[in-house]
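A.B. asks: got a predicted model here, sequence first, then my questions.
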Amino acid sequence: MGGFGIWHWLVVGIVVLLLFGKGRFSDMMGDVAKGIKSFKKGMSEEDEATSSAPHQPAPRLQQQPPLEPSAEQRLQPMQDDRPKN
């Protein structure tokens, strides 16, 4: 129990082929391959563009002054603004 045997995978494969058909399945795989190729090409173009451009450091965040404590010492209860049902 628990594991899939060769017969389970064979039945799943036959069902997939019946649903999608041989031609449609191969077209989908071709589209996936084209997508992977274009992704790799885009990544290599990005690497070439960044290597040819001079490296500029990222801008630093401006330091903000520390928050001043509130003059009011007593805490106010939080108001419930949810609609009443």
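C.D. replies: Here it is on my side, so go on.

A.B. asks: hey, let's count contacts and neighbours off CA atoms from now on
C.D. replies: Will do.

A.B. asks: please report the distance of residue 25 from residue 16.
C.D. replies: Distance from residue 25 to residue 16, counting by C-alpha to C-alpha, to the nearest Å: 9 Å.

A.B. asks: backbone dihedrals for residue 33, both of them.
C.D. replies: The phi/psi pair for residue 33 (degrees, to the nearest 10) reads phi -60, psi -40.

A.B. asks: now swap in residue 67 and tell me
C.D. replies: Torsion angles at residue 67 (phi, psi; degrees, to the nearest 10) stand at phi -70, psi 140.

A.B. asks: for residue 26, see how far away it is.
C.D. replies: Residue 67 is 62 Å from residue 26, by C-alpha to C-alpha.

A.B. asks: comparing those two, which shows the higher neighbour count?
C.D. replies: residue 26 (12 against 6; other C-alpha atoms under 10 Å).

A.B. asks: helices of the chain, start to end?
C.D. replies: For the chain, helices defined by DSSP state H occupy the ranges 6-20, 22-52.

A.B. asks: and the angle for the shortest one with helix 22-52?
C.D. replies: What it means is helix 6-20. 90 degrees (axes from the mean of the first three to the mean of the last three C-alpha atoms, to 10 degrees).

A.B. asks: ok, residues contacting helix 6-20?
C.D. replies: Helix 6-20 has contacts (C-alpha atoms under 8 Å, 6 or more residues apart in numbering) with residue 25.

A.B. asks: please identify the buried residues of it?
C.D. replies: For helix 6-20, burial by neighbour count (16 or more other C-alpha atoms under 10 Å) applies to no residue.

A.B. asks: for residue 77, which of the helices of the chain is the nearest?
C.D. replies: helix 22-52 (53.3 Å; C-alpha to C-alpha).

A.B. asks: show me the shaky parts of this protein.
C.D. replies: Applying pLDDT under 70 to the chain flags the ranges 1-2, 47-56.

A.B. asks: what do you get if the cut-off is 90, keeping everything else the same?
C.D. replies: For the chain, the stretches with pLDDT under 90 are 1-7, 9, 12-31, 42-85.

A.B. asks: for the residue nearest the centre of the chain, what are its contacts?
C.D. replies: For the chain, residue 39 is the residue whose C-alpha lies nearest the centre (C-alpha atoms, centre = their mean; 14.7 Å). Under the criterion of C-alpha under 8 Å, 6+ apart, residue 39 has no neighbours.
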